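Engineer: Below is the sequence, then the predicted model.
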Amino acid sequence: MSAADFQLIAEYLDAIWMEKGLSQNTQESYRRDLQQFASWLAQNGVSLVGANAIWVQQYLDERLQGRLSSRTAARFLSCVRGFYRYLLRENTVAENPLALIDNPKLSRSLPKSLSEADVEALLAAPDLDDPVGLRDRTMLEVLYACGLRVSELVDLTMSQINLRQNVVRVLGKGSKERLIPMGEEASAWLARYLREARPVLLNNVPDEVVFPSTRAQPMTRQTFWYRIKHWAMVAGINKNLSPHTLRHAFATHLLNHGADLRVVQLLLGHSDLSTTQIYTHIAKVRMKQQHAEHHPRG
């Protein structure tokens, strides 16, 4: 990849950060996609500015043959299409090479979720006599009660929580802020954790982070993912869990108990209702299962 291509990518990411307020994770995925594409072009003696639709299609064909998922291909095309729109606007290229390339059709896969019994077993798994166990129990309670993204959970600071009103203030994707009720159960666990375990984990050193690691540092998403896997194994849950699974369970269980779809949309921080609507499919599947199990003629 040439220095010129590297500079173009950096300028584009700065521009869309200013315009759209993209999260750090989204920016990094865009950077990775564009740099991989630029490196592949460079191996073929082509620059980003010199690429046309044929080069884009050839790159995609090679990646798809390497078992690239249609969803990842769609993300790549969305990223590169926006990049060339930016170059077109800046008069760096004469045309957008992706103008006539369609996104691959995506299958509407249902998010993996947990039953309410599974959630109860998971929540009960941590050892409450250990400060780490009490921290993990509280993190699971808050995650399930609020439907947070894992990045929102591990990045929580003390100024974002209000135990008097039982709410948490979250800065989500695109720097969009939302207030989420915790409920009395999660609030009670959080109060106990802040009183009994957090000072021990921080060695009584003042810090803003709500859930520190055992090294008194902010916890990474990967660390919390491992913690969930560990407690799932302790609870005997033989499912491939991630922090996002509890977010899915939060939405699904709300809908199963009659919550309004638009309320769930606001709680999850989805900008588009269509993103939330996928959970209605899970709720319908659950209703069919309940009908078959409990109706005398099911």
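Structural biologist: Received, thanks. Numbers count the residues shown, from 1 in each chain.
Engineer: isn't residue 161 right next to residue 191, touching?
Structural biologist: No - with contact defined as Cβ atoms under 8 Å, residue 161 and residue 191 do not form a contacting pair (9.9 Å). C-beta coordinates here come from the backbone N, C-alpha and C atoms, glycine included.
Engineer: Looking at those two, which is more packed in?
Structural biologist: Just comparing residue 161 and residue 191: by other Cβ atoms under 10 Å the higher neighbour count belongs to residue 161, 19 against 14.
Engineer: Name the nearest residue to the more buried one, ignoring sequence neighbours.
Structural biologist: Closest residue in space to residue 161, ignoring its immediate chain neighbours: residue 168 at 5.2 Å, by Cβ to Cβ, 6 or more residues apart in numbering.
Engineer: Next: residue 30.
Structural biologist: Spatially, and ignoring its direct neighbours in sequence, residue 30 is nearest to residue 79 (4.9 Å; Cβ to Cβ, 6+ apart).
Engineer: helices or strands next to the strand or helix carrying the one you found in the packing?
Structural biologist: Using DSSP states H and E, residue 79 sits within helix 70-89. Helix 70-89 sits against helix 3-20, helix 24-43, helix 53-65, with contacts defined as 3 or more Cβ pairs under 8 Å, 6 or more residues apart in numbering; DSSP states H and E.
Engineer: Dump that helix to CSV, keeping only the CA atoms.
Structural biologist: Extracted C-alpha coordinates of helix 70-89, given in CSV (Å, rounded to 0.1, in the frame of the first residue of the first chain):
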residue,chain,number,x,y,z
SER,A,70,-22.1,-12.4,2.5
ARG,A,71,-22.6,-10.2,5.6
THR,A,72,-18.9,-9.3,5.7
ALA,A,73,-18.9,-8.7,2.0
ALA,A,74,-21.9,-6.3,2.4
ARG,A,75,-20.0,-4.4,5.1
PHE,A,76,-17.0,-4.1,2.9
LEU,A,77,-19.0,-2.8,0.0
SER,A,78,-20.8,-0.3,2.2
CYS,A,79,-17.5,0.9,3.5
VAL,A,80,-15.8,1.2,0.1
ARG,A,81,-18.8,2.7,-1.5
GLY,A,82,-18.8,5.5,1.1
PHE,A,83,-15.1,5.9,0.6
TYR,A,84,-15.4,6.5,-3.1
ARG,A,85,-18.4,8.8,-2.6
TYR,A,86,-16.1,10.9,-0.5
LEU,A,87,-13.3,10.8,-3.1
LEU,A,88,-15.9,11.8,-5.8
ARG,A,89,-17.1,14.7,-3.6
